[in-house]
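A.B. asks: could you work out the structure for the sequence below:
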Amino acid sequence: MTNLLEPWVLVRLAAGVVAFALFARAAVTAQRVLRYFDVRRATEGQLALEKRVELAATFARVAAVVQVAALALTALSADRLSRGVRGAMCAYGVFAAHEWGFRALAITGGVALAAGIVTQLYAFDARVRTLDLARPLAIATCVMAPLSAVDLLATGKFLLGLDLSVVASCCSVQLDPVAATGETFATGPRVLLTAIACGGTVLSIAAALLAARAPSRRAVLAAGALSVVTLPAALAASVLEVAPHAFEVPSHVCPFCLLRMDVFALGYPLYGALFLATAWGGGAAVSALLARGGAATTALGAFASRRLRLGAAAWACALALGAFPVVRFAVVGNGASLFP
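C.D. replies: Okay, here's the model as predicted:
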């Protein structure tokens, strides 16, 4: 419990508590919606429930934003804690110092992405003049409450159980030797995953722009799904291609080092752009999936066009940020390849 004296630990856990509390409060109303809500009724109780729905939506929107911010706080907290852990040169050493470190990070990332998509659903609901999305949003809120609880428990187990006096093994000890000794590293997964990431990014941009021009339900679903599917390859390319070029070391495949000022904290805008691109695209796709009523279908066109254009811009930004270290090394090295 002494870790609570660390400001970054306290801030991260506080964010988790706030997100869970707000989602839990919204879920209470969401359960009533699932039991009693009927848009065809106009009773006094129904009108009172509609007002509660609006209040619960406010709680859920704020909770989703806090949950997304918790992902950034997780990475930032580990990066700051690395300065006080012997042997940890970046956030990797902090996450690796506890068995729940990377598990908590993965859970936080997944829950944050789900929360990001939920924020888009609420934004879509704000454009729909009727309450057609009341039940789908209630289900989403009821799902987010336990997910937020799982994230809080996993993060708490990691941060409160972390021994800050331990001598940690950092990325240069655990990751670099693996990459350096892998016979197929330079020409195998790195080349393949980078090609998939680049191709997926270009296709995601093209599909989003085409769907934004003519936002049919099928086109929006396809563009959004493509954005979500491209994310894993883009993350892999950031580790296998961007990080080595940023540090000019072919075996340095640590994503957390991209958060350091040595490379101008390139990781924050890069991973932020990837997150936003996926959340905007995924949010548009889920909105298209849920747009059943007449009012929702009418509102979908303008909403999806806006979100898909934003997603395309985010993908373009991520592509430019990822290409920058590669292009820079090619210029500085007179076209020489970083990899043997």
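
A.B. asks: got the contact list for the helix or strand harbouring A223?
C.D. replies: Using DSSP states H and E, A223 sits in helix 217-237. For helix 217-237, the external contacting residues (C-beta atoms under 8 Å, 6 or more residues apart in numbering) are 189, 193-194, 196-198, 200-201, 203-204, 207-208, 210-211, 255, 271, 274, 277-278, 280-289, 291, 297, 300, 304, 308, 311, 315, 318, 322. All C-beta spots, glycine's among them, are computed from the backbone N, C-alpha and C.

A.B. asks: which positions in that helix come out as buried?
C.D. replies: 217, 219-228, 230-231, 233-237 (16 or more other C-beta atoms under 10 Å).

A.B. asks: downstream of it, the next helix or strand is which one?
C.D. replies: In N-to-C order, the element after helix 217-237 by DSSP H and E is helix 243-247.

A.B. asks: which elements pack onto that next one?
C.D. replies: helix 294-332 (3 or more C-beta pairs under 8 Å, 6 or more residues apart in numbering; DSSP states H and E).

A.B. asks: which residues touch A296?
C.D. replies: A296 neighbours (C-beta under 8 Å, 6+ apart): 124, 128, 130, 132-133, 290.

A.B. asks: let's see it at 10 Å
C.D. replies: With contact set as C-beta atoms under 10 Å, 6 or more residues apart in numbering, A296 has these partners: 124-125, 127-130, 132-133, 136, 287-288, 290, 303.

A.B. asks: do you know how far it is from L221?
C.D. replies: Noted for A296: a distance of 14 Å to L221, by C-beta to C-beta, to the nearest Å.

A.B. asks: go on, W315?
C.D. replies: 17 Å.

A.B. asks: now do A246
C.D. replies: Taken as C-beta to C-beta, the span from A246 to L221 is 35 Å.

A.B. asks: can you check L308 too?
C.D. replies: 11 Å.

A.B. asks: helices along this structure, start to end?
C.D. replies: Under the criterion DSSP state H, the chain contains helices at 7-36, 44-81, 91-96, 101-127, 134-161, 171-174, 176-181, 189-213, 217-237, 243-247, 267-290, 294-332.

A.B. asks: any chance of those helices in a markdown table, plus mean pLDDT and distance to R260?
C.D. replies: Below are the helices of the chain laid out as a markdown table (pLDDT from 0 to 100; distance: least, C-beta to C-beta, whole Å):
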| stretch | mean pLDDT | distance to R260 |
| --- | --- | --- |
| helix 7-36 | 92 | 16 |
| helix 44-81 | 86 | 7 |
| helix 91-96 | 90 | 9 |
| helix 101-127 | 96 | 17 |
| helix 134-161 | 95 | 21 |
| helix 171-174 | 67 | 11 |
| helix 176-181 | 55 | 15 |
| helix 189-213 | 96 | 22 |
| helix 217-237 | 97 | 18 |
| helix 243-247 | 94 | 10 |
| helix 267-290 | 97 | 8 |
| helix 294-332 | 95 | 13 |
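
A.B. asks: out of those helices, which gets nearest to L259?
C.D. replies: helix 267-290 (4.2 Å; C-beta to C-beta).

A.B. asks: helices or strands next to that closest one in the packing?
C.D. replies: Secondary structure elements in contact with helix 267-290, counted by 3 or more C-beta pairs under 10 Å, 6 or more residues apart in numbering; DSSP states H and E, are helix 44-81, helix 101-127, helix 134-161, helix 189-213, helix 217-237, helix 243-247, helix 294-332.

A.B. asks: give the intersection of the neighbour lists for L308 and L221.
C.D. replies: What both L308 and L221 touch, as defined by C-beta under 10 Å, 6+ apart, is the set 211, 284-285.

A.B. asks: scan the residues you listed and report the most crowded one.
C.D. replies: A284 (32 neighbours; other C-beta atoms under 10 Å).

A.B. asks: right, and that one touches A277 too?
C.D. replies: No. Here A284 does not reach A277: they are 11.1 Å apart, not a contact under C-beta atoms under 10 Å.

A.B. asks: re earlier: list only buried entries from the contacts of helix 217-237.
C.D. replies: 193-194, 196-198, 200-201, 203-204, 207-208, 211, 255, 271, 274, 277-278, 280-288, 291, 300, 304, 308, 311, 315, 318, 322.

A.B. asks: still on that earlier bit, what is in contact with A284 and A277 at once?
C.D. replies: Shared contacts of A284 and A277 (C-beta under 10 Å, 6+ apart): 208, 227, 310-311.
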